[in-house]
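In: generate coordinates for the sequence data below:
(2 chains)
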Amino acid sequence: MPETLLSDGVGELRFRDPAKARALAGALARVVAEIGRTPVSVMHVCGSHEQAIAKFGLRAVLPRDLNVIMGPGCPVCVTDVPEVDEAIVLAQDGVRIATYGDMLKVPGSVKSLADAQAEGARVDVVYSAAQAVELARDTTEDVVFFASGFETTAVATAAVVLSGPPGNFSVLSTHKYIPPVMEIVAEMPGSRVEGFLAAGHAATITGSAIFERFVERHGIPVVVAGFEPLDILGGLVKLVELVRDRSPKVVNMYPRCVTAEGNRNAQEQLWRVFRSVGGNWRGIAHVPNGNLRLRDEFAAVDARRKYNIDVRRLWTRAPSTLTQVCICGTIMAGTASPHECSLFGKQCVPDSPVGACMVSSEGTCKIWYQYGGHPDL
Amino acid sequence: MTATTTPTGTDAIISLRHGAGGRAMRRLITETLAAGFPPPPVEGIGLAAMDDGAALRIGDRWLVVTTDSHVVHPVFFPGGDIGRLAVAGTVNDLAMMGATTPLGLTCAVILEEGFRKSDLERIQRSMQETCREAGVTIVTGDTKVMGRGELDGIVINTTGVALADTVIPDAGLRPEDRIILTGSIGDHGMALMVKRHGLEIDAELRSDVAPINGLIAAALAVAPGAVTALKDPTRGGVSSALHEMAEKSGVGIVLHEPRVPISRTVRAAAEMLGLDPFQIANEGKAILGVRPDAAERVLDALRAHPLGEAAELVGECIGDHTGRVILDTGIGRRLLVESEGELLPRIC
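Out: Below you'll find the model as predicted:
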């Protein structure tokens, strides 16, 4: 375990030093002021970034003229309704579903996996893909790993698929691939995004060089940043400097973990198991090459080919009309904030979420609801 | 919003989050379980207060009563077992009303057919030992056995009664009161979670389950009248307890994160699993609201007790932001996240 995690007080931790954090916040305010127009808008595409920003109280020290938007960076939030329905149908047919805790409460067309569980379906929360395989080894029942997450988590799924799992184990993949959706967001009409903060953990796999082509094509800078408060603030300072200097390039501000070429071995495993196909991201758009699906040679482990999943059976009543009012999509595209949604904090709360953004601990709405968003405390 | 996800809907069913100590559970209790009962026939704190127990006026004293059913998986865990939990839990609930010398406990046990007698004996010895620590005894009981599969192993209910001269409610916080925590947070819940989910963590994680009536008595003795509120941060953790105290008292609370004692192991395990230590259960800790001029005295008294050595002054009450708990991280301020159900680890 890294020494940074083993310290007693927040203040003692190297990348959480409050004095240094305040100094970086001061630098950030100066650079934003030098740009000389407001607001300056940048986007991160990772729920863990938003979590860290909220958890450490960073929004309270960000300059008012800097708009840090959370983009489509929550894998749970962009899991499409029919994908959730597929898992629910399997669960109702008596298949044991193993999944990450965040997926339980995501609303499908008429119910969530948690609802199905309360009605008697078998749903196990797992912490890793490997744990789902262990579950299958310990039973004769069929176990389906309902796998969600971006390329980072998809690598772990790929590893268990390649490890020769037992015959009663299969994967229902809703894995998504981040680089294509950045293109979509950058090209959206009315997009205000002037720079991207890329997720450090995903970049450990893909490498920072993967963003070079994006920067060339769109003329928007990309900074790779880690998840400690000083990582994020330092990354933001670098990003607004690039905006100020009109210098679109890729800068790796997380060199203690990320290299330009990334983890070749992990990439090789990822693409050996998965191929990228186009598909819907909930609330965003159809994203060409945005979904990761199992390749043909792994058909035996692919739940979609192993079972005949008919989601239409679920549609016994009309979906809630409230979901039509939900603006999750525009929030994730960065053109609205949760406070602009008429449901936020009223009909839509973590207890009874309308949109997936209120479900996941990585969803913008849930994070803003819990931590107070842009707080005036 | 579909009917099945709405707890107030007519076809709604109970889910695990309704028992997790958060907002969902409080709503189930106020809207369903506690609805429609008249107040107690004598002056006192009854159901409507949603406190740790009831207090009924008997002459010039208070009869304090509390009851708690204990289910825990696994039954034996690092640092304790269901028996220790059943005794300490009820003794502590009494103490959280200011009643630190219990008259006695009742104990009702429901067993599943097939439960090992040796395990029951082990649990019974543990209850004896915990009773000794708390200076209490069991005065009556009840035993039932149910068929295999009709419950999970064992359920223990304990009820405690005590007399007290003054009762300390949850709702007594006033602006400027100091918030004191009697020790490190998250130990119980994290020890259980690691054991329950078979997580491989190479470190000693032990539950803090212990009767703390002696510790509370020591604090009350040095500052009569200055302890304005008491609560034990069990299910839902420190976050749930503080939110409830702030809401009922009509104050805001500012909590200073760098001062909150958390062991290295709990912090590391919580970071790895994406869990918030403020939402993790404790079974041997208390939160005290204390008038500002008595805070140091109470802190010293707590630290002089073996179960309060790590006590810290962690926050203060404010007149605005009523019902909110604000966390000062040392970098900036944000709201403390309130527990809303079963703790679920996040994806990445």
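In: and B:Thr159, which of the three is it?
Out: At B:Thr159 the chain is in strand, as set by DSSP: H, G, I helix; E, B strand; the rest coil.
In: that one contacts B:Thr90, doesn't it?
Out: Yes - between B:Thr159 and B:Thr90 there is a contact at 6.8 Å, judged by C-beta atoms under 8 Å. Glycine gets a C-beta too; all of them are placed from N, C-alpha and C.
In: between those two, who's got more neighbours?
Out: B:Thr90 (29 against 19; other C-beta atoms under 10 Å in any protein chain shown).
In: ramachandran angles for the more buried one?
Out: phi -80, psi -40 (degrees, to the nearest 10).
In: the stretch 101-250 of chain B: helices as residue ranges?
Out: If DSSP state H, counting those that start in this stretch is used as the criterion, the helices of the stretch 101-250 of chain B fall at B:117-134, B:187-196, B:213-222, B:237-249.
In: now render these as a markdown table, adding mean pLDDT.
Out: Below are the helices of the stretch 101-250 of chain B laid out as a markdown table (pLDDT from 0 to 100):
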| stretch | mean pLDDT |
| --- | --- |
| helix B:117-134 | 98 |
| helix B:187-196 | 88 |
| helix B:213-222 | 98 |
| helix B:237-249 | 95 |
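In: wait, which of those is closest to A:Arg244?
Out: Between A:Arg244 and the helices of the stretch 101-250 of chain B, the shortest separation by C-beta to C-beta is 40.1 Å, and it involves helix B:237-249.
In: what separates stretch A:321-340 from the chain centre, distance-wise?
Out: Distance, stretch centre to chain centre, for stretch A:321-340: 17 Å (C-alpha atoms, centre = their mean, to the nearest Å).
In: and that stretch, end to end?
Out: 19 Å (C-alpha to C-alpha, to the nearest Å).
In: now A:Pro179. Nearest residue, chain neighbours left out?
Out: Spatial nearest neighbour of A:Pro179, chain neighbours left out: A:Ile210 (6.2 Å); criterion: C-beta to C-beta, 6 or more residues apart in numbering or on different chains.
In: just give the number of residues close to that neighbour.
Out: 22.
In: pretty sure it is touching A:Ile178, no?
Out: No - contact criterion C-beta under 8 Å: A:Ile210 and A:Ile178 do not qualify, at 9.5 Å.
In: how deep is whichever residue of the stretch 151-300 of chain B sits closest to chain A tucked in, by neighbour count?
Out: Of all residues in the stretch 151-300 of chain B, B:Ala268 sits closest to chain A, at 4.3 Å by C-beta to the nearest C-beta. When neighbours are counted by other C-beta under 10 Å, B:Ala268 registers 21.
In: pLDDT at A:Gly9, what is it?
Out: Listed pLDDT for A:Gly9 reads 43.
In: so which helix or strand takes in residue 289?
Out: Went with chain A since none was named. In the assignment (DSSP states H and E), A:Asn289 maps to strand A:285-294.
In: other chain: chain B
Out: strand B:287-290.
In: stretch A:292-307 near chain B anywhere?
Out: No - Stretch A:292-307 lies out of reach of chain B by C-beta under 8 Å from any C-beta of the partner chain, never closer than 14.5 Å.
In: buried residues in that stretch?
Out: Using 16 or more other C-beta atoms under 10 Å in any protein chain shown as the test for burial, stretch A:292-307 gives A:292-294, A:298, A:301-303, A:306-307.
In: do the same with stretch A:315-327
Out: Buried residues in stretch A:315-327 (16+ other C-beta under 10 Å): A:320, A:322-323, A:326-327.
In: using CSV, please lay out those together with pLDDT.
Out: Listed next are these as CSV, based on pLDDT from 0 to 100:
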residue, pLDDT
A:Ser320, 70
A:Leu322, 76
A:Thr323, 77
A:Cys326, 88
A:Ile327, 89
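In: give me the subset of the residues you listed lying in strands.
Out: The strands in this structure, assigned by DSSP state E, contain none of the buried residues of stretch A:315-327.
In: helix or strand next in line after the lowest-mean-pLDDT helix or strand in chain A, which one?
Out: Least confident helix or strand of chain A, by mean pLDDT, DSSP states H and E, is helix A:328-332 with a mean of 83. Counting by DSSP H and E, the next helix or strand C-terminal to helix A:328-332 is helix A:364-371.
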